[in-house]
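**Student:** Here is my input, please return the structure:
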Amino acid sequence: MNATPHSSEHIVKSYDDELKRLTGEIQRMGDLALAQLDAAIDAVVERDSEAAMKIVYNDNAIDTLEHDVSHDVVRLLALRQPMARDLREVLAALRIAADIERIGDYAANVAKRSIVLNQSAPVQLAYALPRLARLAGTLVREVLAAYRDNDADRALGAWTRDEELDEEYTGLFRELLTYMMEDPRNITPCTHLLFMAKNLERIGDHATNIAENVYFLVHGAHIAQTRRKGDTTSVLAIDDPR
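**Tutor:** Got it, this is the predicted structure:
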């Protein structure tokens with residue numbers, strides 16, 4: 001039996017409500033991740049190990065929200081069997097949630113490193129981390145706003161700015177290596193700073209992933225141009241094994 005117009009409208013409204021709830025969960029995830037990032041950098045600047053421990057503990061909230069998003073996506077796919085734009089919207093939500101979860105992880109990693117860093121004397125180059133974090137945070141805020149507003153142009157603008165973050169990271173990487181070569185006592189604290197800076201650079205990479213998903217969501221096609229990378233540390237790169 002065909003659905004009546006009234007029941008069809010109810011089904012459409014119910015589906016729209018579920019999508020709104022899904023995007024709302026992702027926005028909450030994004031807000032939490034950004035708050036974690038800001039708090040982690042404050043903990044670094046203030047050398048506040050207690051605050052850093054709270055950031056590490058609070059990462060569980062983001063993980064829980066990602067689990068909720070995954071559950072809702074599976075439910076939508078099973079019950080609604082979305083097609084075309086609706087399917088892109090559901091899959092984009094799943095991918096974006098995964099990227100936000102990783103952003104939260106990297107913010108927690110910065111906080112963890114700061115606890116160890118606080119056991120050493122202050123390092124002059126720690127001042128550069130907030131600048132790197134502000135740029136990473138700006139990219140994340142831009143792509144989340146683009147997702148909220150279905151704004152592919154805004155997403156593309158943030159996508160292109162990742163090169164700026166890479167260049168900042170490369171500059172700090174070189175400064176830290178120089179600092180370590182000048183005095184072996186700087187090696188341990190500067191190594192922690194290198195890992196923290198790499199975490200921030202990776203946050204930018206996940207922001208570009210979100211931008212690409214927003215662009216695909218809106219246009220149904222991938223970004224045509226190749227993203228330029230400003231990170232030239234690959235020959236000497238040090239990657240956090242976690």
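**Student:** Mind telling me what element Y179 is part of?
**Tutor:** In the assignment (DSSP states H and E), Y179 maps to helix 152-182.
**Student:** And the next helix or strand past that helix?
**Tutor:** Taking DSSP H and E, what comes next after helix 152-182 is helix 187-219.
**Student:** Show me which residues of that following helix are buried.
**Tutor:** 189-218 (16 or more other CB atoms under 10 Å). In short, each C-beta sits where N, CA and C put it, glycine included.
**Student:** quick one, it and helix 152-182 angle?
**Tutor:** Put simply, helix 187-219 runs at 170 degrees to helix 152-182, going by axes from the mean of the first three to the mean of the last three CA atoms, to 10 degrees.
**Student:** quick one, phi/psi of P82?
**Tutor:** phi -70, psi 150 (degrees, to the nearest 10).
**Student:** what residues are up against it?
**Tutor:** L76, E89, V90 (CB atoms under 8 Å, 6 or more residues apart in numbering).
**Student:** Dump these to a markdown table, plus distance to D63, secondary structure and neighbour count.
**Tutor:** Converted to a markdown table, those look like this (distance: CB to CB, whole Å; DSSP: H, G, I helix; E, B strand; the rest coil; neighbours: other CB atoms under 10 Å):
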| residue | distance to D63 | secondary structure | neighbour count |
| --- | --- | --- | --- |
| L76 | 21 | helix | 21 |
| E89 | 23 | helix | 17 |
| V90 | 21 | helix | 21 |
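**Student:** ok, so of those, who is nearest A158?
**Tutor:** Nearest to A158 among the contacts of P82 is E89, at 19.4 Å by CB to CB.
**Student:** my read: that closest one touches L217, true?
**Tutor:** Yes: applying CB atoms under 8 Å, one finds E89 in contact with L217, separated by 6.1 Å.
**Student:** Determine the longest helix present in the chain.
**Tutor:** Secondary structure of the chain per DSSP state H: the longest helix is helix 5-46.
**Student:** Could you find the residue nearest the spatial middle of this structure?
**Tutor:** In the chain, the C-alpha nearest the mean C-alpha coordinate belongs to I103, at 3.4 Å (CA atoms, centre = their mean).
**Student:** Secondary structure element for that residue, which one?
**Tutor:** Counting by DSSP H and E, the element that carries I103 is helix 84-117.
**Student:** Give the other helices and strands that the lowest-mean-pLDDT helix or strand in the chain contacts.
**Tutor:** Each helix and strand of the chain was given a mean pLDDT (mean pLDDT, DSSP states H and E); the minimum falls on helix 5-46 at a mean of 83. The contact analysis (3 or more CB pairs under 8 Å, 6 or more residues apart in numbering; DSSP states H and E) places helix 5-46 against helix 49-80, helix 84-117, helix 128-149.
**Student:** Which one, of the ones you listed, ends up nearest to E168?
**Tutor:** helix 128-149 (5.4 Å).
**Student:** Pull the residues that contact stretch 53-69.
**Tutor:** 22, 25-26, 28-29, 32-33, 36, 39-40, 43, 93-94, 97-98, 100-101, 104-105, 107-108, 111-112, 115.
**Student:** Ok, stretch 24-33 next?
**Tutor:** Everything outside stretch 24-33 that qualifies as a contact, by CB under 8 Å, 6+ apart, is 58, 61-62, 65-66, 68-69, 72, 93, 96-97, 100-101, 103-104, 107, 140, 144, 147-148.
**Student:** ok, now stretch 207-227?
**Tutor:** 84-85, 88-89, 92, 95-96, 99-100, 103, 136, 139-140, 142-144, 146-147, 150-152, 155-156, 158-160, 162-163.
**Student:** that older thread, what separation is there between the residue nearest to the centre of the chain and R202?
**Tutor:** For I103, the distance to R202 equals 9 Å [CB to CB, to the nearest Å].
**Student:** Please apply the same query to R161.
**Tutor:** Noted for R161: a distance of 15 Å to R202, by CB to CB.
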